[in-house]
Structure formats: structure tokens, C-alpha cells
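Colleague: Whatever this is, show me its structure:
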Amino acid sequence: SARIMVSASLIFSGFMAKLRDEWIAARRASGWDRRVQEDIDQYHARDPRAGDSAEMMNSVRAGGPVVQHQGGGAGVATRSKVFIGLTRQKSNAAEARLSDILLPTDEKNWGIKPTPVPQLAGMAMDNSPAVNPDTGGALQLNALNPATGQLEPTQVKKSDVALAAEEVARNRAKAMEREIEDQLVECDYNSQVREAIHNAALLGTGVLRGPLPMTRFRSSWGAVDEAGGVYELKAVSEKKPSTISVDPRYVWEDPDCGDDIQNGRGVIELEQKTKRQVRELAKQEGYIKEALAQVLDEGPKRSAAMVEIANEGDRKLYQKASYDVWMYVGEIDKADLRNAQLLSGELDDAGVTDEAEDDPFASMSAIVVVINDTVV
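Modeller: Residues are numbered from 1 along each chain as shown. Below you'll find the model as predicted:
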């Protein structure tokens with residue numbers, strides 16, 4: 001099975017790399033990346049023409065003139081220009097207002113309550129005897145008689161059953177609300193949402209990814225010898241859901257989705273990892289160790305489509321020894337899987353079989369991780 005997966009991944013890598021580069025090029029052609037860079041420059045009060053002032057200062061230091069003569073005509077001043085930065089305070093005000101509305105500090109912005117059940121609402125007004133579904137007879141329970149102080153069989157009414165069911169639903173809703181609140185606190189949900197709101201105010205788009213299963217470790221004392229009172233500290237791992245904010249500049253959607261991202265086939269996200277983090281991926285389920293070893297042997301490689309849209313500062317960042325990890329979440333074409341020999345019926349445990357190929361309505365969803373140009 002491992003040999004089949006490795007050979008298939010080598011063929012499939014070309015399909016995923018081509019898909020990634022096409023989506024990057026399509027968004028660049030739409031002008032979104034340019035507009036986002038303009039928004040960032042506007043927020044930080046950076047004049048795109050500030051290069052002229054830098055050239056002017058270099059000219060002054062070198063003892064040259066502060067004007068440039070073009071075609072023998074009048075000189076064009078190379079002095080710096082005044083840039084009024086009003087965008088930052090307006091964006092910060094909008095971000096603060098959104099945060100106050102969506103993330104109040106004195107209460108939760110969500111809650112869980114049981115939905116009303118029409119059958120129970122009707123039963124709550126019915127005082128007729130309830131029927132035991134097991135015996136078909138009258139439903140009786142032992143209840144305390146206040147006069148005698150003894151437990152005596154008591155006829156249960158339908159209204160009693162409805163009230164008890166509603167009470168159980170309310171208790172379960174409260175318990176689930178406490179569990180979810182604990183999970184949100186552990187994953188620092190509010191700070192992640194605030195970061196997404198900041199991106200929305202700055203760039204016009206905020207992205208949250210989740211819930212994601214994250215493994216967390218906690219320490220607990222366990223008894224080794226209860227009689228002797230000996231305990232030891234143990235590390236216990238548990239999986240908890242979490243949500244993280246993602247930079248919208250490193251998320252690409254299907255260019256054919258139109259105005260609704262839900263109409264697209266999936267999304268691609270870019271994340272940079274160090275060499276140590278790539279090695280750690282081998283410990284997680286689903287990763288191909290042989291492919292990870294190949295990536296580590298190759299070293300970091302950059303996508304030509306990604307480097308082309310990056311500015312000079314990002315290009316310098318790309319020279320560092322970090323790997324570009326591309327994660328695709330969405331549907332996979334059956335033709336690509338067939339060409340990659342993944343529709344051979346030998347991977348039935350993955351749910352990809354010849355029967356699925358024959359079904360024109362079958363949807364094959366997958367999470368594919370690509371490092372460099374290799375599916376891992």
C-alpha cells in the first residue's frame with residue numbers, strides 16, 4: 001500500500017502543482033493582490049512614489065542635483081511628497097466598533113437553547129394518563145407521599161412527561177454550552193476572531209479556519225501505590241477543537257467560483273514551516289514518510305507563480321530556509337485520480353474505488369498537502 005501511495009503521489013504532484021499555479025495566476029490577473037498591497041500601503045501611510053524621495057536623498061549625498069532633466073526641458077523635482085495618512089485611524093475605528101459588537105466583554109455573543117418541540121408543547125397541556133411504551137399499560141413511577149412519607153406508585157400524566165423531557169433538554173443544552181465555552185477559551189478563540197476582524201478592516205477580507213483537531217498535552221497526578229501514597233506526574237494527550245485566523249493573502253479560492261466561494265471546488269492555503277516542523281509531520285497520520293524524506297533532501301523550493309506576485313520584502317523573506325507547505329481542501333477530479341492510478345480498486349479503505357469512478361454524481365473530497373512540488 002505504501003509503494004502504491006508513493007508512486008501515485010509522484011504522478012499526482014504534477015496535477016496539484018499545476019492547479020496551484022493556475023489559481024495563483026488567476027487571482028493575480030484579477031488585480032486583487034495589487035489592491036491589497038495598495039490597502040496595506042495606504043494603512044501604513046506609505047507613498048508608492050516614495051522611491052523618488054529615496055533617489056533624491058542618494059543624489060544629495062552624492063553631491064548631485066535634486067532635479068532631473070528630461071529631454072532638455074525644465075527640471076522635474078525629485079523631492080519627497082507629503083502623504084496624509086488618514087486610513088489607519090478610520091480602519092482602527094471600524095475594527096474597534098466591529099469588535100465591540102461581535103465580541104462583547106461582559107457576556108457571550110452566543111448561546112445554546114433547546115428548540116421547541118410541537119409534540120411536547122401539546123403534551124404539556126394534556127393531563128391524561130401517560131402510556132408505558134414497553135407494556136402498553138399505564139405509566140407509573142414511585143413517588144414520595146408527603147402524608148405517609150412512603151414511596152407509592154403514582155400515575156404519570158402526559159404533561160409530567162413533557163415537562164421532564166424539556167428539563168432534560170435544558171440541562172443538556174447548558175452542559176453543551178459549558179463544554180463549548182471551555183473549548184473556545186482553550187483555543188483563544190476571541191483573539192483569533194479579533195485578528196480576522198483586523199484583516200477585514202485592513203484588507204476587506206478576514207479568514208477563519210476551523211474547527212481543527214489539535215492535540216494538547218496536560219499534566220495530571222496518577223496513583224502508583226495508593227496504599228503507600230505514591231503518585232507520579234503523567235503527561236496526558238487529548239484532542240480538542242481549535243480555530244485559527246489565516247492571512248487572506250495566503251488563501252486562494254477556485255477562480256471559477258464567481259461571487260460565492262461555496263460554488264468553487266475548494267481552497268488552497270500557504271503556510272511556511274521550518275525543517276524541524278517538516279520532520280515532525282512524519283509523526284502524524286496520513287503523511288507519506290518517503291515523500292517527506294525526498295522534500296527534506298531537496299531543500300526549500302519556491303513556486304515561480306508565488307515569487308512573481310511577491311514584493312521585494314517578501315522575496316527576501318523567501319530566501320530563508322523555510323518550506324512552503326500548500327494545503328488543498330476540496331474536490332479532486334476523477335480523471336486526475338485515474339491518471340495517477342488512484343482509481344485501481346486497491347485503495348478501497350480510502351473510499352476511492354472503480355465503482356466511484358462509474359458514478360457521474362460521485363464527489364471525491366480530499367485534503368492534499370504539497371511541499372515544494374511533491375504531494376506528501
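Colleague: how near is the most centrally placed residue in the chain to residue 245?
Modeller: Taking Cα atoms, centre = their mean, the centroid of the chain lies closest to residue 209, which sits 1.4 Å from it. According to Cβ to Cβ, to the nearest Å, residue 209 and residue 245 sit 8 Å apart. Every residue, glycine included, has its C-beta placed from N, CA and C.
Colleague: ok so, going back, check contacts around the residue nearest to the centre of the chain.
Modeller: Contacts for residue 209 (Cβ atoms under 8 Å, 6 or more residues apart in numbering) come out as 243, 244, 245, 246, 269.
Colleague: what about the strand ranked longest in the chain, average pLDDT?
Modeller: In the chain, assigned by DSSP state E, the strand with the most residues is strand 207-225. Along strand 207-225, the predicted local confidence has a mean pLDDT of 80.
Colleague: quick check: angle from the next helix-or-strand element following it to strand 207-225?
Modeller: Remark: after strand 207-225, the chain's next helix or strand is strand 230-246, criterion DSSP states H and E. Orientation note: strand 230-246 sits at an angle of 180 degrees relative to strand 207-225 (axes from the mean of the first three to the mean of the last three Cα atoms, to 10 degrees).
Colleague: still on that earlier bit, how much space separates the residue nearest to the centre of the chain from residue 114?
Modeller: 30 Å.
Colleague: before we move on, what about residue 367?
Modeller: Separation of residue 367 from residue 114 (Cβ to Cβ): 34 Å.
Colleague: Tell me which of those two has more neighbours.
Modeller: Set side by side, residue 367 and residue 114 show more neighbours around residue 114, with 16 against 10, by other Cβ atoms under 10 Å.
Colleague: give me phi/psi at the closest residue to that one other than its chain neighbours?
Modeller: Spatial nearest neighbour of residue 114, excluding adjacent residues (Cβ to Cβ, 6 or more residues apart in numbering): residue 169 at 3.7 Å. Phi and psi for residue 169, reported as degrees, to the nearest 10, are phi -60, psi -40.
Colleague: got the residue ranges for the strands in the stretch 51-200 of the chain?
Modeller: For the stretch 51-200 of the chain, the strands defined by DSSP state E, counting those that start in this stretch cover 67-69, 75-77, 140-144, 151-155.
Colleague: so where's the stretch 201-350 of the chain shaky on pLDDT?
Modeller: 226, 304-320, 335-350 (pLDDT under 70).
Colleague: That one: helices as residue ranges?
Modeller: Assigned by DSSP state H, counting those that start in this stretch, the helices in the stretch 201-350 of the chain fall at 275-280, 289-298, 304-309, 312-318, 334-339.
Colleague: Packing partners of the second one?
Modeller: If I follow you right, that is helix 289-298. On a contact count with 3 or more Cβ pairs under 8 Å, 6 or more residues apart in numbering; DSSP states H and E, helix 289-298 meets helix 2-30, helix 275-280, strand 374-375.
Colleague: If you average pLDDT over each of these, which is lowest?
Modeller: helix 2-30 (a mean of 76).
Colleague: thinking again about what came up before, quickly list what the residue nearest to the centre of the chain is bridged to.
Modeller: residue 244 (DSSP bridges).
Colleague: my guess is residue 190 meets residue 104, correct?
Modeller: No: the criterion here is Cβ atoms under 8 Å, and residue 190 misses it with residue 104 at 10.3 Å.
Colleague: quick one: the residue nearest to residue 114 and residue 148, what's the gap?
Modeller: To residue 148, residue 169 is 33 Å away according to Cβ to Cβ.
Colleague: When these two are compared, which one has more neighbours?
Modeller: Set side by side, residue 169 and residue 148 show more neighbours around residue 169, with 16 against 8, by other Cβ under 10 Å.
Colleague: picking that back up, can you list the helices and strands packed on helix 289-298 in CSV and add distance to residue 253?
Modeller: Output for the helices and strands packed on helix 289-298, formatted as CSV (distance: least, Cβ to Cβ, whole Å):
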stretch, distance to residue 253
helix 2-30, 8
helix 275-280, 25
strand 374-375, 20
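Colleague: tell me the most buried of those?
Modeller: strand 374-375 (a mean of 22; mean count of other Cβ atoms under 10 Å).
Colleague: So what are the sheet partners of that one and their directions?
Modeller: strand 365-371 (antiparallel).
Colleague: in the strand it pairs with, what's buried?
Modeller: Neighbour-count burial for strand 365-371, counted by 16 or more other Cβ atoms under 10 Å, picks out 368, 369, 370, 371.
Colleague: The last one contacts residue 325, doesn't it?
Modeller: What that stands for is residue 371. Yes: contact criterion Cβ under 8 Å: residue 371 and residue 325 qualify, at 5.4 Å.
Colleague: so what sits against both of these two?
Modeller: Common neighbours of residue 371 and residue 325 are listed as residue 278 (criterion: Cβ under 8 Å, 6+ apart).
Colleague: and the residue of the chain most remote from its centre, what does it touch?
Modeller: Centroid-distance maximum for the chain: residue 148 at 62.2 Å, with Cα atoms, centre = their mean. Counting by Cβ under 8 Å, 6+ apart, residue 148 touches no other residue.
Colleague: quick one: which of the helices and strands packed on helix 289-298 is nearest residue 142?
Modeller: Comparing the helices and strands packed on helix 289-298 against residue 142 with Cβ to Cβ, the closest turns out to be helix 275-280 (58.6 Å).
Colleague: and that closest one, what other elements does it pack with?
Modeller: Applying 3+ Cβ pairs under 8 Å, 6+ apart, we find helix 275-280 packed against helix 289-298, strand 323-331.
Colleague: got these as a markdown table, with distance to residue 40 columns?
Modeller: As requested, those are exported to a markdown table (distance: least, Cβ to Cβ, whole Å):
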| stretch | distance to residue 40 |
| --- | --- |
| helix 289-298 | 31 |
| strand 323-331 | 21 |
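Colleague: which of those sits most buried?
Modeller: strand 323-331 (a mean of 19).
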